[in-house]
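> Just need the structure, nothing else, for what follows:
(chains A and B)
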2 protein chains.
Amino acid sequence: MKEILHGSIAQLAKLIREGKISPVNLIETTFQAIDQHEPRLNAFITLFREESLENARQAETEIRQGKDRGPLHGIPIALKDIIRIAGTHTTCGSKFFAEESPQADATVVTKLKQAGAVVVGKTNLHEFAFGVTTENPHFGATANPWDTSRVPGGSSGGSAAAVVAGCCAGALGSDTGGSIRIPAAVCGHVGLKPTYGRVSVYGVVELAQSLDCVGPMCRHVHDVALMMNALASYDAHDVHSANQPVPDYTESLARPIDGMKGGIPKQHFFENLHPDVEDAVREAIQVLNELGVEIRELDLPSVEAGHEATLTVLMAEAGHFHQQSLEAHRADYGVDVRELLEAGLSLSASDYVKAVRAREMARREFSQAFEQVDFILSPTVPIPAPLRSSHDLSGGSESNRIRPRLTQNTRLFNLLGLPSISVPCGFTQERLPIGLQVSGPWWSEETLLQVAHAYEVATPWHTMHPAL
Amino acid sequence: MKEILHGSIAQLAKLIREGKISPVNLIETTFQAIDQHEPRLNAFITLFREESLENARQAETEIRQGKDRGPLHGIPIALKDIIRIAGTHTTCGSKFFAEESPQADATVVTKLKQAGAVVVGKTNLHEFAFGVTTENPHFGATANPWDTSRVPGGSSGGSAAAVVAGCCAGALGSDTGGSIRIPAAVCGHVGLKPTYGRVSVYGVVELAQSLDCVGPMCRHVHDVALMMNALASYDAHDVHSANQPVPDYTESLARPIDGMKGGIPKQHFFENLHPDVEDAVREAIQVLNELGVEIRELDLPSVEAGHEATLTVLMAEAGHFHQQSLEAHRADYGVDVRELLEAGLSLSASDYVKAVRAREMARREFSQAFEQVDFILSPTVPIPAPLRSSHDLSGGSESNRIRPRLTQNTRLFNLLGLPSISVPCGFTQERLPIGLQVSGPWWSEETLLQVAHAYEVATPWHTMHPAL
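Numbers count the residues shown, from 1 in each chain, chains lettered A, B, ... in the order given. Take a look at the predicted model:
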C-alpha cells in the first residue's frame, strides 16, 4: 500500500476511480507516512489530520455520486506555510506572524479546493521564505530525505521533503529567487516556477513583490501539468495577475521534441560547478540532443549584472515589505533574516534604479535569445545539497558564501519573470540528487513541461525516491 | 510674408509646392523673426544659421528635382537642447555638459533629416530638463511670448516660446513630468507627450529613464500629427522602444468624435484651479459634449498616491543618472537642480519600491478606467504662467511651492507611460493661455489627435499668436 505514495497523481486518480483505493485510505496511508518520517524530516509546521479525513470522505462521496472534480479529487497536497487558508494559522516560518488567522483563502487554495484536492498540512520553510536552506530558528530545520545531515534546499524545503518522502502527492512552493527549483533539484523532484503573473499570489505572504511566484512541486512532470491546470488563472485580486489564456498543460506532454532548439549560455550558468553536477547536466543535454533537440551556444553578456541586480531587487523589496514589522518585532526575527532585511533597507533608491536598468538590459537580451532558441538549459543548482552544519543561522560567513551559490542559476529567471522548471537528472557519487533547469520565454510553460516530460520518459532511472 | 510664420506646416508645405515661397525664403524669414524676438525671448541656446540655409537650399533643389520628402521637407524645426546632433554641442542647459560633441544623431534627428526638416537651432531649457520654469542659471531665462514677465513653462520652454513666436513651425521637446505639455499650455500651443516607447529617446540626454518621452510641439494639431508620422518608430537603440505598428496620424483627424466617451476624474485633477482655468476647461468640456462626446465622471482613488510616486521615481532616477557627475561637477550645477538631485540621492530603495507599488495600482486603475472611457479630460496646468519673479533659482520656498502645482495634472501620465496632449482652450482675463489636457490609453495617439483636432476646429479663436 505504501508504494502508492510514490506513484503519480494520474496513477492515484486512476486507482481511486477503479475503486482500488479510496480517498480516505489514501489520506490515512499518507498520514502513516507523515507520522513515520516527520520525526526525522520535520517537513511540516501544521497538519490537518481531522480536516483531511473529513475532506477525503467528502471526495469519496462526491466521486461515488458522479461529482468528479478531476484528477486532483481526493489527492493529498501540502502547502508551504506562506499560503493563507481561511481560519488557520499561517506562520511564514516566523515567531510572531503565527498569530495571524486570515479571513480568506489564497486564490491557489480556492483553486485546489475547487479541484477537490485534500490539503494535508502546511510545510516548513526558511523564515519568511527569505533563505535557501530551510533552517528555521522557530520551527526547526527540515532535513533532506536523501541524507538527513543535509539541507533540503529552500525556502520551500518542507514541501520538497514532503513530496519526495511520499507525505503528499504534490505540494505548493513559492519561488522568489529559486525557492521552488532549488529544493526540487537537491531533493530530486520536479518543481516549476511559472511565468510571473501566471498563478495568482493573492493570499500568499509577500517576500519581494516583483519576483514572487507560486508553483507546483511534484514527483513527476505530468503531476506538475495537472496541478498547473488547476492553478493557472487570471485573478483580479492579484495586481500582477495576467489575463492570458490558460491551455491544458497535459496536452503538449506526449508531443515529440525533435526539431526544438535548446540554448546553452556561454556565461555564468556553467561556472563553478560541482564536477558531478557538471557531468550529469552535460549528459542530460546529450540525451536531449539524441531526442532531436538542436543545441546552440548562447551569448548572454548581461547575465552577470542581472544576477547581481536580482539580489538588489529582492533585498530592497523584502526590506520594504518588512520595514514596519521589523521595527515592531526586531527581536523576534532570526538573525540571518534580520540582517538581510536590514541590508535591504540600507540600499538607496539609486541602487534600485541601477538594478532596474540591468533588469531591462537582461530582459531585452533574453527576448532576443528566445528568437534563436525555444528554451535554455543549465544546472538548477551548481552544487548538491550542502551539509546542514555548513549553514550558520547567525548569518555567519559560511552561509553568506553558500546562499548566492545556491541561487546562482535560478534567481535571474525571477528577475525577468520567465518560467523555469527543474527536473531530476541524476545523482552525485554520494547519491545526492542533481537537477536540470529548463527555462523558456514568457508563457512557455507548455514547452518546458513537454521538454521535461520527454527527458523524464527517456531517463526513468532518475525518478527515484529515497529509502527512508 | 511674416504672417506665414504663424501658418501651419501643411500650409507652408502647400505654399512651397505651389512655388509661392521657397524653403530658402522660409528659413531667411524665420531667422528674421528669430533675430527680432531673441533679445526678449532668449528661446535659443544655439542657432544653425549657415547650416539651415544650406539645408534649405538642398531641400529646394530636391523638391525641384522631384525628390519630395513629404510635408516636413524644408520646414524650420527647433530642437530642445537635450537632443544630440552629431558634431554639435548639446548643452542640456548645463555649464559643463556643453563640452560634449556627440558622434551620432539622436534617432529623432535622423528621422527629421530623413523627412527633410531644417533644424534651425537648439532651444533653451531648464538645466538638465529638471525644472518647470526654463529659468536657466547658465544660459539665462526664456520669456513667455504672451507676457515676458512670465515663465514659458518648462522644461521645454525654449521650444514653446520659439513655436508661438513663429521662430519655427514646430519643435521637439521632452516630457518627463509634463515638460512638453506645461509650456504648451502656458504658451498657448499644442504639445503631445506620446506613449512611453512610441518615439525613440536614443540620443536624448536622460532625466528619468522610466518617464522620459520626446514629442512634438506645434501651433496646430495637424502639425503634431505630421511630426508624429516622421518621429514614431521602433528603434533597437532604445531599450524602451516598442515594436508597435505606426499609423498615419493624420488619417483620424477629420473623423467625427460623436459617440466617444470622455472621462472627468473626480479626484485631484480639478483641485486648486485658478478660476479662469476652471471656467475655460469646463467650457471646453461643454464644447466636446456638444460635438457628441459623452462625458462621464471617473472614480480614480489611486491618483493622489500616483502623483506622489511620480516625484519619487523622477527624483530617484534623475539622482541615479547624475550621481557620478554630481561628484565631479558639484559647483557647476545650479542650486535648485543640485538640491533636487541630492534629495533624489537621499531616497531609499524602500521609498522607490513604495512608488513602484503605487504605480502598479494606478496602472491597473487607469486600465480599468479606459474600459469605460476613450480619454480623460483635465486642465493641463491648474494655473496660468507664473511670474518669473516668483521663481527662485536658489531653490527657495516659492519655487518649491510652484513646481508641484505646475506638474499637478501632467506627471501621473509619465508615471503610467500614457499619451497625453495639451491643446489651447482659451485665455485668462490677463490674456494668458490655458491648456486642455486630453489623455488616453497606451497607443491612443490617433484618438487624442482626433479629439484635439475636433476641438481646435470647433474653437478656432483659441489658436492665436501673441503680438510681439
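
> Residue A:217 belongs to a strand?
Yes - looking at residue A:217 with DSSP: H, G, I helix; E, B strand; the rest coil, it is inside a strand.

> what residues are up against it?
A:156, A:159-160, A:163, A:170-173, A:180, A:183-184, A:189-192, A:224 (C-beta atoms under 8 Å, 6 or more residues apart in numbering or on different chains). From N, CA and C alone the C-beta is placed, and that goes for glycine too.

> need the residues of chain A near chain B, please.
A:209-210, A:239-240, A:312, A:315-317, A:319-320, A:323, A:344-345, A:347-354, A:356-357, A:360-361, A:364 (C-beta under 8 Å from any C-beta of the partner chain).

> For ChimeraX, write the select line for the buried members of the residues you listed.
One line in ChimeraX is enough to select the buried ones among the residues of chain A next to chain B; burial here means 16 or more other C-beta atoms under 10 Å in any protein chain shown:
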select /A:209,210,239,240,312,315,316,317,319,320,323,344,345,347,348,349,350,351,352,353,354,356,357,360,361
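
> center of chain A - which residue?
Nearest residue to the geometric centre of chain A (C-alpha atoms, centre = their mean): residue A:180, 1.8 Å.

> Which parts of chain A are strands?
Listed in chain order, the strands of chain A (DSSP state E) span residues A:44-47, A:76-80, A:118-123, A:170-175, A:190-193, A:213-218, A:261-265, A:294-298, A:375-379, A:420-427, A:433-439.

> Residue A:198 touches residue A:446, doesn't it?
No - under the criterion of C-beta atoms under 8 Å, residue A:198 is not in contact with residue A:446, lying 11.3 Å apart.

> Between these two, point out the one with more neighbours.
When neighbours are counted by other C-beta atoms under 10 Å in any protein chain shown, residue A:198 comes out ahead of the other of residue A:198 and residue A:446, with 26 against 20.

> where does the more buried one land on pLDDT?
With respect to pLDDT, residue A:198 has a value of 98.

> worst-scoring helix or strand of chain A, pLDDT-wise?
Sorted by mean pLDDT, DSSP states H and E, the helices and strands of chain A end with helix A:397-406, the least confident at a mean of 75.

> which ones are touching residue A:182?
A:132, A:153-154, A:380-381, A:406-407, A:410, A:422.

> Give me the distance between it and residue B:373.
The span separating residue A:182 from residue B:373 equals 47 Å under the rule C-beta to C-beta, to the nearest Å.

> where does the stretch 351-468 of chain A have low pLDDT?
Regions of the stretch 351-468 of chain A meeting the criterion pLDDT under 70 cover residues A:391-400.

> Tell me which stretches of it form helices.
A:397-406, A:411-416, A:445-458 (DSSP state H, counting those that start in this stretch).

> and among those, the most buried is which?
helix A:411-416 (a mean of 28; mean count of other C-beta atoms under 10 Å in any protein chain shown).

> what's it packed up against?
The contact analysis (3 or more C-beta pairs under 8 Å, 6 or more residues apart in numbering or on different chains; DSSP states H and E) places helix A:411-416 against helix A:303-329, helix A:349-372.

> Quick one: list the elements packing against the longest one.
Here helix A:303-329 touches helix A:335-345, helix A:349-372, helix A:411-416, helix B:349-372, going by 3+ C-beta pairs under 8 Å, 6+ apart.

> Repeat that for the last one.
Applying 3+ C-beta pairs under 8 Å, 6+ apart, one finds that helix A:349-372 contacts strand A:261-265, strand A:294-298, helix A:303-329, helix A:411-416, helix B:303-329, helix B:335-345, helix B:349-372.

> closest to residue A:148 out of these?
Across these, residue A:148 has its closest neighbour in helix A:411-416 (27.0 Å, C-beta to C-beta).

> which residues touch the closest one?
Outside of helix A:411-416, the residues within contact range by C-beta under 8 Å, 6+ apart are A:175-178, A:193, A:196, A:211, A:213, A:303, A:306-307, A:309-311, A:313-314, A:359, A:362-363, A:366, A:419-420, A:439.

> Let me have it in PDB, keeping just the CA atoms, if that works.
Once non-C-alpha atoms are left out, helix A:411-416 reads as follows in PDB (Å, rounded to 0.1, in the frame of the first residue of the first chain):
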ATOM      1  CA  ARG A 411      17.400  33.900  -9.500                       C
ATOM      2  CA  LEU A 412      17.800  35.700 -12.900                       C
ATOM      3  CA  PHE A 413      14.600  34.000 -14.100                       C
ATOM      4  CA  ASN A 414      12.700  35.600 -11.200                       C
ATOM      5  CA  LEU A 415      14.100  39.000 -12.200                       C
ATOM      6  CA  LEU A 416      12.900  38.500 -15.700                       C
END
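
> the residue most distant from the middle of chain A, which is it?
Taking C-alpha atoms, centre = their mean, the residue of chain A most remote from its mean C-alpha position is residue A:65, at 34.8 Å.

> Quick one, grab the pLDDT at that one.
With respect to pLDDT, residue A:65 has a value of 95.

> hang on, the earlier thing: let's have the helices and strands packed on helix A:411-416 in JSON lines, adding distance to residue A:460.
Listed next are these as JSON lines, based on distance: least, C-beta to C-beta, whole Å:
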{"stretch": "helix A:303-329", "distance to residue A:460": "33"}
{"stretch": "helix A:349-372", "distance to residue A:460": "30"}
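
> ranges for the helices of the stretch 1-150 of chain A?
Across the stretch 1-150 of chain A, reading from the start of the chain, the helices by DSSP H, counting those that start in this stretch fall at A:9-17, A:23-41, A:49-64, A:107-114.

> The first one packs against which elements?
So that's helix A:9-17. Under the contact criterion of 3+ C-beta pairs under 8 Å, 6+ apart, helix A:9-17 touches helix A:23-41, helix A:221-231.

> just checking, what packs against the first one?
For helix A:23-41, the elements it packs on are helix A:9-17, strand A:44-47, helix A:49-64, strand A:76-80, strand A:118-123, helix A:157-164, judged by 3+ C-beta pairs under 8 Å, 6+ apart.

> what sits up against it?
Applying C-beta under 8 Å, 6+ apart, the external contacts of helix A:23-41 come out as A:1-2, A:4-5, A:12, A:16, A:43-44, A:47, A:49, A:52-53, A:55-57, A:59-60, A:63, A:73-76, A:118, A:120-121, A:142-143, A:145, A:148, A:161-162, A:165-168, A:468.

> Quick check: buried residues in it?
A:23-27, A:29-31, A:33-34, A:37-38, A:41.

> Which one of those residues is nearest to chain B?
Nearest to chain B among these, counting by C-beta to the nearest C-beta, is residue A:41 at 35.9 Å.

> sorry, back to before: most neighbours per residue, which of the helices and strands packed on helix A:23-41?
With a mean of 34, the top stretch among these by mean neighbour count (mean count of other C-beta under 10 Å) is helix A:157-164.

> Going by contacts, tell me the helices and strands next to that helix.
Helices and strands touching helix A:157-164, by 3+ C-beta pairs under 8 Å, 6+ apart, are helix A:23-41, strand A:44-47, strand A:76-80, strand A:118-123, strand A:170-175, helix A:181-187, strand A:213-218.
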